[in-house]
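Peer 1: need the 3D shape of this:
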Amino acid sequence: MNLPNILTLSRIFFVPLLVAALVQEQVAIRVGAVVITNDLLALAIFLVAAATDLLDGYLARRWGQVTTIGTLLDPIADKLLVSAALISLVQVRAIEAWMTILIVGREFAVSGLRSIAAAEGYTIKAGDLGKTKMLSQVAAIAMLLASLRRPQLAAPARGLLWIVVLFSVVSAMDYFRKFWGKVDMRIKRRRRRELLVLERVRKQELWKDMRAARSARQRGSAAGADFRGVV
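Peer 2: Predicted structure coming up:
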């Protein structure tokens, strides 16, 4: 287990801490003369978790430690972090539920598309829109968490959230436009080949049955002729 993978796993473990800190509204931690309330703690946890997202990819590429498990876990950790933060913000009534449903639904749709593409031999890499979408998500969620303590940040936070929704829809359309046609055509060609093979096998079996039946009739005719000759 290398350091980039440890950072990715730590981002997954930050998810329940983020949810607990955000939904428990009466939590307050005193550090000397400073009182850290639950919203500030949730903001700190989210920013640290988001920083691990930037750091693990950088270190993996810098040290040549890109692994299969890291490649698989990194997008899962990102989606868990963002989804948990958005759902918790709905719980504390900081954003509308339909926005969260749209953003989280987009993540599930793209993940499903990636799975289909991987099964067909295609690798869907994050494009520029996808990367911009992730950065806008982090900025919007951080601003929304900060607005829980400072209401004057609520308006710009909602503006950023609308940008997230826009990037989510546009990037999802970009994924489907690039890859769905290729994957769909490949599936159709594969199924066509499978049907042709099945049809060929069925015809071969039918031909074998017809030859077996013809041989049986010929043996029956020969046996009848021999019987008449004996009589």
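
Peer 1: point out where this protein drops to low pLDDT.
Peer 2: Filtered on pLDDT under 70, the chain yields the residue ranges 25-35, 120-131, 180-187, 219-231.

Peer 1: show me the strands in it, by range?
Peer 2: Secondary structure of the chain (DSSP state E): strands at 28-31, 34-37.

Peer 1: my guess is A84 meets A20, correct?
Peer 2: No. Between A84 and A20 there is no contact under CB atoms under 8 Å: 10.3 Å. Bear in mind the C-beta positions are built from the backbone N, C-alpha and C, glycine included.

Peer 1: the two: who's more crowded?
Peer 2: A84 (20 against 15; other CB atoms under 10 Å).

Peer 1: enumerate every residue touching the more buried one.
Peer 2: V15, P16, L18, V19 (CB atoms under 8 Å, 6 or more residues apart in numbering).

Peer 1: repeat the analysis, applying 7 Å as the threshold.
Peer 2: V15, L18, V19 (CB atoms under 7 Å, 6 or more residues apart in numbering).

Peer 1: grab the nearest non-local neighbour of the second one.
Peer 2: Right, L18. Excluding the flanking residues, the one nearest L18 by CB to CB, 6 or more residues apart in numbering is I45, at 4.8 Å.

Peer 1: hmm, back to that, how about the contacts of A84 in CSV, adding distance to P151?
Peer 2: Shown next, in CSV, are the contacts of A84 (distance: CB to CB, whole Å):
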residue, distance to P151
V15, 27
L18, 21
V19, 23
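
Peer 1: how many residues are close by G105?
Peer 2: For G105, using other CB under 10 Å, the count is 12.

Peer 1: and I103, how many neighbours?
Peer 2: Counted with other CB under 10 Å, I103 comes out at 22.

Peer 1: leaving out the residues flanking it, which one is nearest to it?
Peer 2: S168 (5.1 Å).

Peer 1: surely that neighbour meets V104?
Peer 2: No. Between S168 and V104 there is no contact, the gap being 9.3 Å when judged by CB atoms under 7 Å.

Peer 1: when the two are compared, which one has more neighbours?
Peer 2: Taking neighbours as other CB under 10 Å, S168 and V104 compare with S168 leading, 24 against 17.
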